[in-house]
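*Asks:* Show me the folded form of this:
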Amino acid sequence: MPKDTNSILEQDDHLVQSFADLNGLKQQGARTVISRAKGAHVYDNDGNELIDGIGGLWCVNVGHGRQEIISAITEQLETLDYYSTFYNFTHPAAAALAEKIAQLAPGHLNAVHFGNSGSVANDSAIRILHHYNIRKGRPEKKLVLSRQGAYHGSTHLAMAMTTPQYAEGWHAASDLVHHLRSPHHWREGGEMTEADFLDALIDDLTQTIDRMGADKICAFIAEPIMGAGGVITAPEGYHKRVWEICQANDIKYIADEVVTAFGRLGHFFASEDVFGMVPDIITTAKGLTSGYQPLSATILSDEIHDVITGPDGMFLHGMTYSGHPAAAAAGLANIALMESEGIPERVRTTGKRFENNLRGLADIELVGEVRGSHFMMGIEFVKDRATKESHPMEAQVGLKVAQACQKRGLVARPLGNVLILSPTLIMDEPMIDRIEAILREAILEVAAGL
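*Replies:* Alright, predicted model coming up:
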């Protein structure tokens with residue numbers, strides 16, 4: 001592999017990067033080469049140290065370079081490099097990780113199907129529910145309720161469940177999915193109180209079920225906190241009320257915890273501990289291995305599992321790398337490390353400091369709203385705070401703030417007029433305070449130039 005940055009970028013011309021302005025990447029200086037990482041930092045190829053404010057991509061929860069996970073992966077590869085969990089085969093690492101996830105998951109979620117990404121986990125959830133309903137003699141019960149602003153992945157079906165803005169210029173399996181109102185009170189609530197807005201969201205749900213027919217709807221899918229849709233939190237009590245309506249209408253509730261699970265909100269899973277309900281399915285990925293290996297899990301209730309494991313039927317779903325030995329070993333080591341160091345418990349304190357520090361940035365005129373929870377935060381920039389008018393997209397405010405942050409030693413993720421922070425979960429208080437100082441300087445610099 002080449003060492004110098006120019007040679008790396010020449011080779012990179014052959015790489016089609018994800019969720020990028022591919023034309024814009026042709027510009028000089030548009031790409032950053034990250035060549036190594038340690039702890040809460042990454043280093044570009046020129047040796048600049050950067051705080052990893054996006055945790056790789058919502059996922060490096062325990063930090064970079066943890067020898068406990070690296071050694072577990074290495075030992076597993078030396079023992080069993082690969083075998084599938086197809087047909088009648090299994091292996092110790094996949095079996096042990098499935099049991100561990102079942103122990104950590106809430107309530108009756110005791111069956112685990114492995115994949116290799118959050119997109120695949122969400123696709124699998126719907127495919128499994130379609131199979132479940134076919135086995136129950138109701139094949140027409142296959143539609144899915146999602147929400148404006150959601151992000152559930154980029155495979156054909158997962159993209160259909162994602163907010164339509166992400167599918168612009170692309171096709172998706174949109175005939176299966178209906179998008180309910182966005183739960184973003186600050187943007188969508190108008191003059192309503194948060195309680196009134198919650199009632200309006202519930203009305204939208206119940207009217208949609210009445211119109212489409214509960215006998216046609218297999219699932220409602222929701223992130224506890226919307227991630228790539230802009231870090232949007234629903235009104236308090238939203239998830240429990242939606243879950244109750246789903247239960248009353250025999251609609252399965254899928255909690256997409258690809259981002260929120262494994263400590264980001266201070267718990268291994270957020271659905272019950274933070275939001276007070278136990279879904280029928282939880283999907284997860286990212287923090288499951290802290291990004292050290294690609295692995296996802298679709299966690300099923302006992303009731304769903306009992307139906308799909310009944311007689312007279314084959315489970316015709318799976319991927320070559322489902323439950324890969326090295327990935328499963330990484331997951332086990334990652335969870336063991338989180339438990340031994342009490343990382344989720346620590347996040348309840350450090351994550352709250354991070355959240356409160358960032359909320360303090362609301363005193364800057366450019367900042368319209370600071371939202372999120374713990375180590376999952378978004379900052380939305382506005383042209384006019386009174387009217388909440390946004391800057392035109394061509395102003396690239398989020399990108400400019402991200403660039404100003406990187407210049408000062410912090411990686412942050414721009415998303416239009418929003419800046420997203422989802423750092424590693426191991427940061428101490430001085431680093432948390434340093435991030436707030438960098439953000440303040442960067443935002444003020446950009447505001448002065450607008």
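*Asks:* okay, CA-based contacts and neighbour counts for the rest of this
*Replies:* Fine.
*Asks:* Please state the backbone phi and psi of residue 418?
*Replies:* phi -120, psi 140 (degrees, to the nearest 10).
*Asks:* which ones are touching it?
*Replies:* Shown in contact with residue 418 (C-alpha atoms under 8 Å, 6 or more residues apart in numbering): 230, 378-381, 398.
*Asks:* Then residue 208?
*Replies:* Here residue 208 is in contact with residue 180 (C-alpha under 8 Å, 6+ apart).
*Asks:* cool, and residue 85?
*Replies:* 91, 322-323.
*Asks:* if we can go back for a sec, now, the contacts of residue 418 that are in helices?
*Replies:* With helices defined by DSSP state H, the entries of the contacts of residue 418 inside them are residue 398.
*Asks:* Pull out the buried members of the contacts of residue 418.
*Replies:* For the contacts of residue 418, burial is judged from neighbour counts taken by 16 or more other C-alpha atoms under 10 Å, and it is met by 230, 378-381, 398.
*Asks:* pLDDT and distance to residue 169 added to those, as JSON lines?
*Replies:* Shown next, in JSON lines, are these (pLDDT from 0 to 100; distance: C-alpha to C-alpha, whole Å):
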{"residue": "230", "pLDDT": "96", "distance to residue 169": "20"}
{"residue": "378", "pLDDT": "98", "distance to residue 169": "26"}
{"residue": "379", "pLDDT": "98", "distance to residue 169": "27"}
{"residue": "380", "pLDDT": "98", "distance to residue 169": "25"}
{"residue": "381", "pLDDT": "98", "distance to residue 169": "26"}
{"residue": "398", "pLDDT": "97", "distance to residue 169": "23"}
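*Asks:* And the helix or strand encompassing residue 75, what does it pack against?
*Replies:* If you go by DSSP states H and E, residue 75 is part of helix 67-79. Secondary-structure packing of helix 67-79 (3 or more C-alpha pairs under 8 Å, 6 or more residues apart in numbering; DSSP states H and E): helix 325-341.
*Asks:* State the next helix or strand along the chain beyond the helix it packs on.
*Replies:* helix 343-359.
*Asks:* does residue 33 really touch residue 44, like I thought?
*Replies:* Yes: counting by C-alpha atoms under 8 Å, residue 33 touches residue 44, with 5.4 Å between them.
*Asks:* all helices of the stretch 1-150 of the chain, in order?
*Replies:* Applying DSSP state H, counting those that start in this stretch to the stretch 1-150 of the chain gives helices spanning 5-12, 55-58, 67-79, 92-104, 118-135.
*Asks:* and what of the stretch 201-350 of the chain?
*Replies:* Counting by DSSP H, counting those that start in this stretch, the helices of the stretch 201-350 of the chain are 238-248, 270-273, 302-308, 325-341, 343-359.
*Asks:* got those helices as JSON lines, with mean pLDDT columns?
*Replies:* Shown next, in JSON lines, are these (pLDDT from 0 to 100):
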{"stretch": "helix 238-248", "mean pLDDT": "98"}
{"stretch": "helix 270-273", "mean pLDDT": "98"}
{"stretch": "helix 302-308", "mean pLDDT": "98"}
{"stretch": "helix 325-341", "mean pLDDT": "98"}
{"stretch": "helix 343-359", "mean pLDDT": "98"}
